[in-house]
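**Student:** predicted model and sequence follow; I will ask about them next.
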Amino acid sequence: MRTDVSNLNEQTPHQNLTEGLMYFGAGSTKQFNTGEWRTNTPVFLADKCKQCLLCAPVCPDSSIPVVNAKRLDFDYEHCKGCGICVEVCPFDAIVMKEGK
Amino acid sequence: MARKDRMSGNEAVSYAIRQINPDVMPAFPITPSTEIPQMVSTYIANGQMDTEFIPVESEHSSMSATIGAEAAGARSLTATSSAGLALMWEELLLAASNRMPCALALVNRTLSGPLNINCDHSDGMGARDTGWIQIYAENNQEAYDNFIQAYPIAEDPRVHLPIMICQDGFITSHAVENIELLEDKEVKEFVGEYHPEEFLLNPGKPIAVGPYAVSNYVMEARRNQLEALERSKEVILEVADKFRQLSGRGFGLFEEYKTEDADYIMVIIGSAAGTAKEAVDQLREKGKKVGVLKLRVFRPFPAEEIANAIRHAKAVAIMDRTESYNTHGGPLGSEIEAGLYRAKATVMAVNYIYGLGGRDFTVDHAASVFAELESAVENETEVKQYQYIGLRE
Amino acid sequence: MSKDLEIRWHGRGGQGAKTAALLLADVAFSTGAHVQGFPEYGPERMGAPITAYNRISRKPIRVHSNIYDPDLVMVVDETLLESVNVTAGLKPDGAIVINTPKSVEEVRPLLQGYEGNVYTIDARKISVDALGKYFPNSPMLAAAVAVSGVMDQKDFIEQMRGSYKHKFAKKPEVIDGNMRALTLTLDAIAPALSGKKPLCAE
């Protein structure tokens, strides 16, 4: 039953769709630019950041990349601008701006 | 080796569940199915099975948890009746559309109102379009036998659909009758172990179940689900054949009792079929050519097979133990008549509603139905095509 | 036994009429018979009139309706004689057993002109003597076996010892009392039955 779902699309005949539209694989959101839904945008102020890393785990869309124990700038391809990171940051190192 | 015993229909289904020893059973009690989770949890407490029993706070939750457990990779089931099934409505459709081969022991009880605890088929028939396979039993033996066949049908790769095993509330669920039981080992071998190909708790092989589908996918998904239900017919018959080899008890989509040469045939579901067969034997002794077609598999609906089995009769009585409120017949009546029309069969069909809310259905009732059919045909008189049996008027 | 037997039980919720019917199905099964034992359910209330049924046959039983012309009627509570037509449909060559301290002559006028066999059994006295408490179902079960002749009385006693051991596994102290209630009943009803053919004899 397992198939490469990337080959399925809105033109696929019903016989070739998966049972119950079951989706095989994980983390497929990476392939989609869901960041375009964003209406407000968090801005990372690197000079104020103390790298406490409180922001990264609370991001619902894993849009704060952490490399070598340091957070980098936002992944705007997937950030939806919810603003949770702004609330948890103790150092005002993230601010919201209106629009994309 | 078969073992002769006596037990109620609820005991028989609980006994089958113990022998199958499924992985997960979430359940919430409701009369008259309450004894099933009660007996299963007793078996678990006594160490006679190791199913994970989940006491939940409603039937909405019991079916949700059944689906969740099944999706996770566990063989799952629940039991309910009446309003409990109604509360599961949303999840019943999800179980089928997500192609979950879980099982449900339904002990048929009327839906309110008026509030009543007794048998009719309004609960099961109300769920007839949810995509579940539905198999009905005449007695405790069939409830037991059908339950043992449930998973081999539902889990077949050609099917992957949920299955409802139904029996009449109180009339069989609470009646102690003789029964032949299979050995535990025989049941375990027959049902086999459950090894789903895809499931949620499968490390390294992630899946997502029940995704949102945009309009461009919904019709295709439904069509696939329908074809699985169509395929289940052949699987039901294959499993029945294997079961016959094991137990000596044969099953089809329906049972034809003395219908071959019958002028008048009664089509009926559930415990009343036995009562109708008794009437057939009594009338046959008087030289009347009468027979009974007892429908076992209501979903998928064997429309063409039924039409072919009854089209030679002079008249048929289609017996519904529920009112469907479409104002022109019960579910069985409407579907069989549609099937006859499509098969271009012009046999006269009368749809009778009987036994609502536990109203008794007797040998005399069955005999009077046959008498009415015969009189209408012999005297070329009109019969009300859709009527109630035993109604005070 | 050779003849098919249909029995209707009348009792009140909580008295054990349903249990008695199920126990009768149990013991009759032990003779190799086909059996049915089932209650007719209404709202479940203590004290409300309830009905239970038995079919016992040498052939498989297919009928799933209530019983309208029984061979035997068992009345577990005599106060029902005033409110329920307990002899309705009872076959003229059948029998009715009533739990009462009264004599047959005293109760017959309450039976809507029924002219068949009437037996009385003081299940209260037997139960209190044997068990120290009032549980009418053991005496009524023994009376049903005696009047119907559904099985040999010795076999019945043997079977019931096993059933009670199972049923009362958690309170074995009541087994002996219940067994005494059975034998006291069989002894009490024997004189009335002497010379009579059991119901299920051909």
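**Tutor:** Cool, got the structure. Residues are numbered from 1 along each chain as shown, chains lettered A, B, ... in the order given.
**Student:** wait, does the lengthiest helix in chain B contact chain A?
**Tutor:** When chain B is parsed with DSSP state H, its longest helix is helix B:215-247. Yes: Helix B:215-247 reaches chain A (Cβ under 8 Å from any Cβ of the partner chain) through B:216, B:217, B:219, B:220, B:221, B:223, B:224, B:225, B:228. (Glycine included, C-beta is placed from N, CA and C.)
**Student:** tell me the buried residues within those residues.
**Tutor:** The neighbour-count test (16 or more other Cβ atoms under 10 Å in any protein chain shown) marks B:217, B:220, B:221, B:224, B:225, B:228 as buried among these.
**Student:** nearest to chain A, of those residues?
**Tutor:** Taking Cβ to the nearest Cβ as the measure, residue B:220 is the one of these closest to chain A, at 3.5 Å.
**Student:** for the residue nearest to the closest one when sequence neighbours are not counted, which residues are in contact?
**Tutor:** Nearest non-adjacent residue to residue B:220, counting by Cβ to Cβ, 6 or more residues apart in numbering or on different chains: residue A:14, 3.5 Å away. Residues counted as contacts of residue A:14 (Cβ atoms under 8 Å, 6 or more residues apart in numbering or on different chains) are B:219, B:220, B:221, B:223, B:224.
**Student:** tell me which residue of chain A is furthest from the middle?
**Tutor:** What lies farthest from the middle of chain A is residue A:15; by Cα atoms, centre = their mean that is 33.0 Å.
**Student:** and the residue of chain C closest to chain A?
**Tutor:** residue C:64 (38.5 Å).
**Student:** returning to that earlier point: residues of the longest helix of chain B that come out buried?
**Tutor:** Quick answer for helix B:215-247 (16+ other Cβ under 10 Å): B:217, B:220-221, B:224-225, B:228-229, B:231-233, B:235-236, B:239-240, B:243, B:246-247.
**Student:** now swap in stretch B:81-93 and tell me
**Tutor:** B:81, B:82, B:83, B:84, B:85, B:86, B:87, B:88, B:91, B:92.
**Student:** any figure for the gap between the fifth one and residue C:26?
**Tutor:** Which is residue B:85. 32 Å (Cβ to Cβ, to the nearest Å).
**Student:** and if you look at residue C:198?
**Tutor:** 19 Å.
**Student:** what do you get for residue B:261?
**Tutor:** Taking Cβ to Cβ, one finds residue B:261 at 41 Å from residue C:26.
**Student:** export the contacts of residue A:14 as JSON lines, with columns for distance to residue B:65 and pLDDT.
**Tutor:** Shown next, in JSON lines, are those (distance: Cβ to Cβ, whole Å; pLDDT from 0 to 100):
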{"residue": "B:219", "distance to residue B:65": "30", "pLDDT": "97"}
{"residue": "B:220", "distance to residue B:65": "29", "pLDDT": "97"}
{"residue": "B:221", "distance to residue B:65": "24", "pLDDT": "97"}
{"residue": "B:223", "distance to residue B:65": "29", "pLDDT": "98"}
{"residue": "B:224", "distance to residue B:65": "26", "pLDDT": "98"}
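**Student:** determine the set of other helices and strands touching the longest helix anywhere in chain C.
**Tutor:** In chain C, assigned by DSSP H, the helix with the most residues is helix C:175-193. Where contact means 3 or more Cβ pairs under 8 Å, 6 or more residues apart in numbering or on different chains; DSSP states H and E, helix C:175-193 is packed against strand C:117-121, helix C:123-131, helix C:137-148, helix C:153-167.
**Student:** out of those, nearest to residue B:143?
**Tutor:** helix C:153-167 (23.3 Å; Cβ to Cβ).
**Student:** partners of the worst-scoring helix or strand of chain A on mean pLDDT in the sheet?
**Tutor:** Ranking every helix and strand in chain A by mean pLDDT, DSSP states H and E puts strand A:23-24 at the bottom, with a mean of 92. Here strand A:23-24 has these sheet partners by DSSP bridges: strand B:207-208 (antiparallel).
**Student:** the strand it pairs with: how far from the chain's middle?
**Tutor:** Here the centre of strand B:207-208 is set off from its chain's centre by 31 Å, with Cα atoms, centre = their mean, to the nearest Å.
**Student:** now do it: everything it contacts.
**Tutor:** If you take Cβ under 8 Å, 6+ apart as the criterion, strand B:207-208 is touched by A:22, A:23, A:24, A:25, A:26, B:198, B:199, B:200.
**Student:** and stretch C:38-47, by the same measure?
**Tutor:** B:32, B:117-118, B:170-171, B:174-176, B:358, C:12-14, C:17-18, C:21, C:48, C:50-53, C:66.
**Student:** buried residues in it, which are they?
**Tutor:** C:38, C:39, C:40, C:41.
**Student:** one step back: any idea how far the longest helix of chain C is from the middle of the chain?
**Tutor:** Centre-to-centre, helix C:175-193 and its host chain are 13 Å apart (Cα atoms, centre = their mean).
**Student:** got the residues of chain B near chain A?
**Tutor:** Taking Cβ under 8 Å from any Cβ as the test, the list of chain B residues beside chain A reads B:97-100, B:157, B:160, B:197-198, B:205-211, B:213-214, B:216-217, B:219-221, B:223-225, B:228.
**Student:** confidence score at residue B:54?
**Tutor:** If you check residue B:54, the pLDDT there is 98.
**Student:** same question for the one 5 residues further on.
**Tutor:** At residue B:59, the model reports a pLDDT of 98.
**Student:** could you do residue B:282 as well?
**Tutor:** 98.
**Student:** list the contacts for residue 94?
**Tutor:** With no chain named, the answer covers chain A. A:42, A:43, A:44, A:45, A:55, A:85, A:86.
**Student:** switch to chain B, that's the one I care about
**Tutor:** Here residue B:94 is in contact with B:67, B:210 (Cβ under 8 Å, 6+ apart).
**Student:** and if we set it to 6 Å?
**Tutor:** residue B:67 (Cβ atoms under 6 Å, 6 or more residues apart in numbering or on different chains).
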